[in-house]
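J.: Everything below, folded, please.
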Amino acid sequence: MKAESPLPKNMDLRARFDRRLVHPGQSTERYLRAQVEAPDLRGPSTRLPLNLALVIDRSGSMAGTKLEKAKEAAIFCLRNMTGADRASIVTYDDTVQVVAPSKVLTPEVKNNFISEIRMVQSGGSTNLAGGWLTGAQEVANHQHEADYLNRVILLSDGLANVGITSTEELAHHSDELRRRGISTTTMGIGADFNEDLMEQIALKGGGHFYFVENARQIPDFLHRELGEVLSTSARRVTLEVQLPSGVEAQLLNNFEIDRQAQHLTIRLDDMIAGETRSVVFKLTVPPGPLGTRLPVPVSLTYIDVETGQLRELHAKEVAFRYASNAEIEAEQPDSGVLEDVALLEAALAREEALRFDAAGDYASSAARLAAAASAMQAMAPASPVAQAEAMMLQEESQEASGGFDALKRKAIHYSRTTRQQSRKM
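T.: Got it, this is the predicted structure:
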């Protein structure tokens, strides 16, 4: 008798406060953490097919090792995709070339694509927008032919200096593509790319941003991204929080958020099998009657990859309670929540420090990082992770006093972005 296939698992959603007791006679600052965990896939056959465009910068600065490693990584991607997937290859310098138009990856097509990739040579300037949007069009041409995961992966080592160059305009295009079901991942290589531009394209586009410090890392980063896309188990993941009247909230992550009065909607986009994301809010709770409870409903909606169904999930209820000073002082904080808070506060401090650094105010940059290190040591003293982060902040503070070089600035930017997106480095 044939065994029945196991039923698809739901996502897991847990909500916790750092402390649940609040003051009746004054405003109280508290933190809410919502943890979202994606289910595992039952097997390779349950994954969705991929509709991918690889867009590779072949400008003059990519000549040599960078371009060769990018070509090597593209070939690896093709070899690890199946006949259910389709791909296209686009390159750009000051002009854009569709090296291989989007096709289903039969063995013959794969071999032809690989031959075309190997012949790519470096050229002139950097029409990043033209290359990226051409890749997106290759994906769009076929996105409705099957239930595809639609993704553009953009690699560049330089500044956009031909065509559209505005970060705001390119981020807008990325958001529009995401709304049409096409996400964008960006990989910035070396010291000369615009990290703000590449981050915003990925953030608005529902993809990932990577800082590739050395050309030798290009295949590893692209292998990781391909693996993550192919193991997507939940799509269009959206977290919703209903705040009680009078409660104010600040999102410490940099996920896209929509506020409608007291209702918060946070866009988490696609999640890979087994992935956990922590979404953390700083809440300000107004005074209220002693003993009163303030529930904070937290829910989740997503599309299950295995069934294609829209699912909704509600976290076990969490609620504040107005309590006496004695009860509040006796309450033990949740150390796990405070650890996540400390790490995200450190990310915000790095963001501010980079702004000071860009303005040439190195003293303020160093002071901001030093203050963050002290705050982290005090907030999560029992956390080895937080204490290690505090030591790193102290070291960065010392470097900041003389100004960061381009590579260090990008490394700090990437660390901050990755932390705020609740992703592993």
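J.: Spell out, range by range, the strands that occur in the stretch 251-400 of the chain.
T.: Counting by DSSP state E, counting those that start in this stretch, the stretch 251-400 of the chain has strands at residues 256-260, 263-272, 276-285, 293-295, 298-304, 310-314, 319-322.
J.: any idea how this protein splits into domains?
T.: Domain ranges of the chain: 12-42+234-330, 48-230, 335-420, per automatic domain parsing.
J.: got TSV for those domains, with mean pLDDT and mean neighbour count too?
T.: For every residue, glycine as well, the C-beta is placed using N, CA and C. Shown next, in TSV, are those (pLDDT from 0 to 100; neighbours: other C-beta atoms under 10 Å):
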stretch	mean pLDDT	mean neighbour count
domain 12-42+234-330	94	17
domain 48-230	92	20
domain 335-420	92	19
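J.: Looking at the strands of the stretch 251-400 of the chain, which is nearest to residue 116?
T.: For residue 116, the closest of these is strand 263-272, at 28.9 Å, according to C-beta to C-beta.
J.: by how many degrees do the closest one and strand 298-304 diverge?
T.: Here strand 263-272 runs at 40 degrees with respect to strand 298-304, directions being taken by axes from the mean of the first three to the mean of the last three C-alpha atoms, to 10 degrees.
J.: strands paired with strand 263-272, and their directions?
T.: Strand 263-272 has the following strand partners under DSSP bridges: strand 232-242 (antiparallel), strand 256-260 (antiparallel).
J.: Tell me which residues are up against the last one.
T.: This means strand 256-260. Counting contacts by C-beta atoms under 8 Å, 6 or more residues apart in numbering, the residues outside strand 256-260 that touch it are 203, 204, 251, 264, 265, 266, 267.
J.: do stretch 393-412 as well
T.: Counting by C-beta under 8 Å, 6+ apart, the neighbours of stretch 393-412 from elsewhere in the structure are 188, 190-193, 195, 211, 213, 346, 349-350, 353-354, 357, 360, 362-363, 365-367, 369-370, 372-373, 376.
J.: For that stretch, list the C-alpha coordinates in PDB.
T.: Listed next in PDB are the C-alpha coordinates belonging to stretch 393-412 (Å, rounded to 0.1, in the frame of the first residue of the first chain):
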ATOM      1  CA  LEU A 393      31.100  48.300  18.200                       C
ATOM      2  CA  GLN A 394      34.000  49.400  20.500                       C
ATOM      3  CA  GLU A 395      36.500  48.400  17.800                       C
ATOM      4  CA  GLU A 396      34.500  50.200  15.100                       C
ATOM      5  CA  SER A 397      34.300  53.300  17.400                       C
ATOM      6  CA  GLN A 398      38.100  53.500  17.500                       C
ATOM      7  CA  GLU A 399      38.300  53.200  13.700                       C
ATOM      8  CA  ALA A 400      35.600  55.800  13.200                       C
ATOM      9  CA  SER A 401      37.600  58.500  14.900                       C
ATOM     10  CA  GLY A 402      39.900  58.600  11.800                       C
ATOM     11  CA  GLY A 403      37.100  58.000   9.300                       C
ATOM     12  CA  PHE A 404      36.200  54.700   7.500                       C
ATOM     13  CA  ASP A 405      37.700  53.700   4.200                       C
ATOM     14  CA  ALA A 406      35.300  52.600   1.400                       C
ATOM     15  CA  LEU A 407      35.500  48.900   2.100                       C
ATOM     16  CA  LYS A 408      35.000  49.300   5.800                       C
ATOM     17  CA  ARG A 409      32.000  51.600   5.200                       C
ATOM     18  CA  LYS A 410      30.400  49.000   3.000                       C
ATOM     19  CA  ALA A 411      31.100  46.200   5.500                       C
ATOM     20  CA  ILE A 412      29.400  48.200   8.300                       C
END
